[in-house]
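1. Turn this into a structure:
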Amino acid sequence: MTEKTYRIDIEGGAAVRARPGDTLLEVAAEAGLEVSADCGGAGTCGKCRARAGGLLEPPSDAERKLLSAREIESGVRLACQARISGDAGAVFEGNAVSSEITDFCMEYEPPDSGRGHAPDSERGFGLAIDIGTTTLNARLVDLETGRAAASAASANPQRIYGADVASRLSFAVSGGLGALRSGLRRRVSRMVEWLAERGGVEAGAAKRSIVVGNPTMLSVFFGYDPSGIGAAPFTPPFTGTAAALARELGIPAAEGAVAETLPVVAGYVGADAVSAALRAGLHRPGGPRLMIDLGTNAEMVLAAGGEIWACAAAAGPAFEGAHISCGSTAREGADTVMLSEDGTLAVGTIGGAAPEGLCGTGLIDALAVLLDSGALAASGRLTAPEDGPIADRLSGGDLGSQPEFHIVRPGEMGARRPVSITQQDIREAQLAKGAILAGAETLMAAAGVDAASLEAVYLAGALGYSLNSKSAIRIGLLPGARPEIVKFIGNAALDGAADALVSAKAREDARLLGDSIRYFELSSAPGFADRFAAAMAFPANLH
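-> The predicted structure follows:
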């Protein structure tokens, strides 16, 4: 007997057939529309709002908790909760994850003999791929010169299953590993085809691929089961390097071409951290230097006293736009915020587009503005000052209402919807910045390093490329708060992978670096909990 199905029309995607009980989130994915679901479909984040019509099961308790009666009456549903009971349709506004592939415009300086990683002068092209939890980056590289022929970026399609590694692991354990793997491989394949077209080479010309990422992303991509990473003792399915034929991973490449990783150190310190440390030169002699990858897992590598230490802090995705009410990835229309010299609020957006949301750098800027204005206490409490440059942009705080800082109101700068920060958003940011600062302080304490002795703090990742160092120091994100030692190194994970792609010496240095790293587990470290509690507070006024 044929199972009954219903027609579901998803605006922006294809019409599909769905079974009774399927969720709108599942149907949207089937229709080719990737909808942001930061909580992994648990019904707790409220990000997957859709305006729906047709035959659906009644709103769940989670929907009634997160949606107002007026919203429910007007047809607004949470896609992860709304289940099909007949023909239906849905429109998603502003919460679809773009599947677009764009040019990755961060500058890349090829390796040279001065850093000891000159290209081996092998003819042909290769691929450097960084599989981030939020974003995928790839680069087509001329193996002879080390120069980039083309670079690409795209959202990680797994975001529809959750914004962070924990959500993805939970989904994988519950039977979703195949969906995680197939979606990721398809997106990487599309990116490689895009690179080949932009670089003017044949698709499938790559002779070698170096792939980096955190252990969960690499395990999924290379065909391993990552479930051991999800619970103590957080054991990855492999340490060191992994390799496979590129075509078996869905990478368009030359016949027999191999894709390999740089070393994985532990469950939460992966090839991306080793690659970034390689690019930062932490394997070379020098004074105390700290590298922080400002991503979801916030991997940190510390070189001090001839030893190399590493840890990972569960910063979460707040600084990548997730778990923030108006959060956005760093895309066109994302806001940056600051106080101008005359004390007024100055808002800018990426690409000069109309405001669409608040990216990580904008969130950090906004917190710094609130602290400087006196509207944000060291405890993280948001209050409305009686006067000042932003007094008219603060509202709420009365009984039953949550304080909000209105960065952009509808109509301002062409905005279609408000961009605001709530008290809950501030709490999410405190958790993220507290984890990063406490992780760095605990790692330095284990290595016997005082913050005042640090010669450099390298900030890696997309956030570490455009971050305002003064804002980062103002909110207490970094140890050793001295602007002169903060150095931005962009997507050092991708850059280090590109170095290793063209240089056998860089690959060997990466292997030695991975072998020499002393992994430090923060969850059981003495003093981490106390440092974390203290690090969630914002610094007192620095003026």
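
2. Which pLDDT does the model give the residue nearest to A243 when sequence neighbours are not counted?
-> Excluding the flanking residues, the one nearest A243 by CB to CB, 6 or more residues apart in numbering is E260, at 3.9 Å. (C-beta placed from N, C-alpha, C; glycine too.) As predicted, E260 sits at a pLDDT of 98.

3. Can we start the residue count at 55 from this point?
-> Taking 55 as the first residue, the last one we looked at is E314.

4. Can you name the residues bridging to E314?
-> I264, A297 (DSSP bridges).

5. What about it, how many residues nearby?
-> For E314, the tally of surrounding residues (other CB atoms under 10 Å) stands at 18.

6. where's it relative to S263, distance?
-> 7 Å (CB to CB, to the nearest Å).

7. T437 too?
-> 52 Å.

8. more crowded one of these two?
-> S263 (25 against 13).

9. Spit out the contact partners of that one.
-> Applying CB atoms under 8 Å, 6 or more residues apart in numbering, we find S263 in contact with G180, L181, A182, I183, A300, I305, A307, A311, V312, A313, E314, L555.

10. Among these, name the buried ones.
-> Using 16 or more other CB atoms under 10 Å as the burial test, the contacts of S263 include G180, L181, A182, I183, A300, I305, A307, A311, A313, E314, L555 as buried.

11. right, and out of the residues you listed, which lies closest to F276?
-> A313 (8.1 Å; CB to CB).

12. So that closest one sits against I305, correct?
-> Yes. A313 is within contact range of I305, at 5.7 Å (criterion: CB atoms under 8 Å).

13. Shouldn't D184 be within a strand?
-> Yes. Residue state for D184 (DSSP: H, G, I helix; E, B strand; the rest coil) corresponds to a strand.

14. distance of it from N545?
-> Distance, D184 to N545, by CB to CB: 6 Å.

15. Kindly report the same for A483.
-> 22 Å.

16. Between those two, which has more neighbouring residues?
-> N545 (29 against 26).

17. Wait, that one touches A516, no?
-> Yes. Assessed by CB under 8 Å, N545 is found in contact with A516 at 6.3 Å.

18. How many neighbouring residues does F459 have?
-> Neighbour tally, F459, other CB under 10 Å: 27.

19. you'd agree it is up against L424?
-> Yes. With contact defined as CB under 8 Å, F459 reaches L424; the gap is 6.2 Å.

20. Tell me which helix or strand in the chain has the weakest average pLDDT.
-> When the helices and strands of the chain are compared on mean pLDDT, DSSP states H and E, strand 388-393 comes out lowest with a mean of 56.

21. which residues touch the closest residue to A431 other than its chain neighbours?
-> Once flanking residues are discounted, A431 sits nearest to T437: 6.9 Å by CB to CB, 6+ apart. The contact partners of T437, taken as CB under 8 Å, 6+ apart, are A429, L430, A431, L448, G451, P457.

22. Hmm, the last one is touching A431, no?
-> No. Taking CB under 8 Å as the definition, P457 is not a contact partner of A431, at 11.4 Å.

23. who has more neighbours, these two?
-> Neighbour comparison, P457 and A431: the larger count goes to P457, with 20 against 14 (by other CB under 10 Å).

24. Could you give me the buried positions within the strand or helix carrying L555?
-> Taking DSSP states H and E as the definition, L555 sits inside helix 546-556. Using 16+ other CB under 10 Å as the test for burial, helix 546-556 gives A546, A547, L548, D549, G550, A551, A552, D553, A554, L555, V556.

25. Same check on stretch 416-431?
-> Per 16+ other CB under 10 Å, stretch 416-431 contains these buried residues: 416-427, 429-430.

26. which residue sits closest to the residue nearest the centre of the chain, ignoring its sequence neighbours?
-> Closest to where the C-alpha atoms of the chain average out (CA atoms, centre = their mean) is T188, at 3.8 Å. Once flanking residues are discounted, T188 sits nearest to E374: 4.6 Å by CB to CB, 6+ apart.

27. And for R169?
-> G335 (7.0 Å).

28. same thing with A594?
-> A432 (5.6 Å).

29. Surely that neighbour touches M590?
-> No. Taking CB under 8 Å as the definition, A432 is not a contact partner of M590, at 10.0 Å.

30. who has more neighbours, the two?
-> Between A432 and M590, counted using other CB under 10 Å, the more crowded position is M590 (20 against 12).

31. Provide the secondary structure category for the residue nearest to that one when sequence neighbours are not counted.
-> Computed as CB to CB, 6+ apart, the closest residue to M590 that is not its neighbour in sequence is G488, at 3.6 Å. Using three-state DSSP, the structure places G488 in helix.

32. Beyond the helix or strand where V423 lies, next helix or strand please.
-> Using DSSP H and E, V423 sits in helix 414-427. Heading C-terminal from helix 414-427, the first helix or strand you meet, by DSSP H and E, is strand 448-449.

33. what's next to whichever helix or strand comes after that next one, contact-wise?
-> Using DSSP H and E, the helix or strand that follows strand 448-449 towards the C-terminus is strand 458-462. Strand 458-462 has contacts (CB under 8 Å, 6+ apart) with 389, 391, 399, 401, 409, 412, 416, 420, 424, 429, 436, 444, 447-450, 469, 472-477.

34. And the residues you listed, which of them are buried?
-> Of these, these count as buried by 16+ other CB under 10 Å: 389, 391, 399, 401, 409, 412, 416, 420, 424, 429, 436, 444, 447-448, 450, 469, 472-477.

35. hey, what's I185 bridged with?
-> Here I185, judged by DSSP bridges, has bridge partners L190, G267.

36. my read: T315 touches V265, true?
-> Yes. With contact defined as CB under 8 Å, T315 and V265 form a contacting pair (5.4 Å).

37. Mind listing the shared neighbours of these two?
-> By CB under 8 Å, 6+ apart, the residues touching both T315 and V265 are L272, F276, A325.

38. Tell me the spacing between the last one and S520.
-> As judged by CB to CB, A325 and S520 stand 24 Å apart.

39. neighbour-wise, which of these two wins?
-> For A325 versus S520, neighbours defined as other CB under 10 Å are more numerous around A325 (32 against 16).

40. How about the contacts made by the more buried one?
-> By CB under 8 Å, 6+ apart, the neighbours of A325 are V265, V266, G267, L272, T295, T315, L316, P317, V318, A547, A551.

41. quick one: the third one from A330, how far?
-> Put plainly, it is G267. 11 Å.

42. Common neighbours of the two, please.
-> Contacts common to G267 and A330, judged by CB under 8 Å, 6+ apart, are A547.

43. Give the residue spans of the stretch 55-204 of the chain that score low on pLDDT.
-> The stretch 55-204 of the chain contains residues with pLDDT under 70 at 55-56, 66-67, 147-152, 159-160, 167-168.

44. now the helices for it?
-> Taking DSSP state H, counting those that start in this stretch as the test, the helices found in the stretch 55-204 of the chain are 78-84, 115-120, 123-127.

45. Check the contacts of A325 and tell me the two furthest apart.
-> T295 and A547 (15.1 Å).

46. Mind checking which of G267 and A330 has more residues around it?
-> More crowded of G267 and A330, by other CB under 10 Å: A330, with 32 against 29.

47. correct me, but the more buried one touches A547?
-> Yes. Contact criterion CB under 8 Å: A330 and A547 qualify, at 4.7 Å.

48. joint contacts of these two?
-> Joint contacts of A330 and A547 (CB under 8 Å, 6+ apart) are D347, A514.

49. neighbours around the nearest residue to G349 once chain neighbours are set aside, how many?
-> Of all residues not flanking G349 in the chain, G515 sits nearest, at 4.9 Å (CB to CB, 6+ apart). G515 has 30 neighbours, counted by other CB under 10 Å.

50. Thanks again, I'm all set now.
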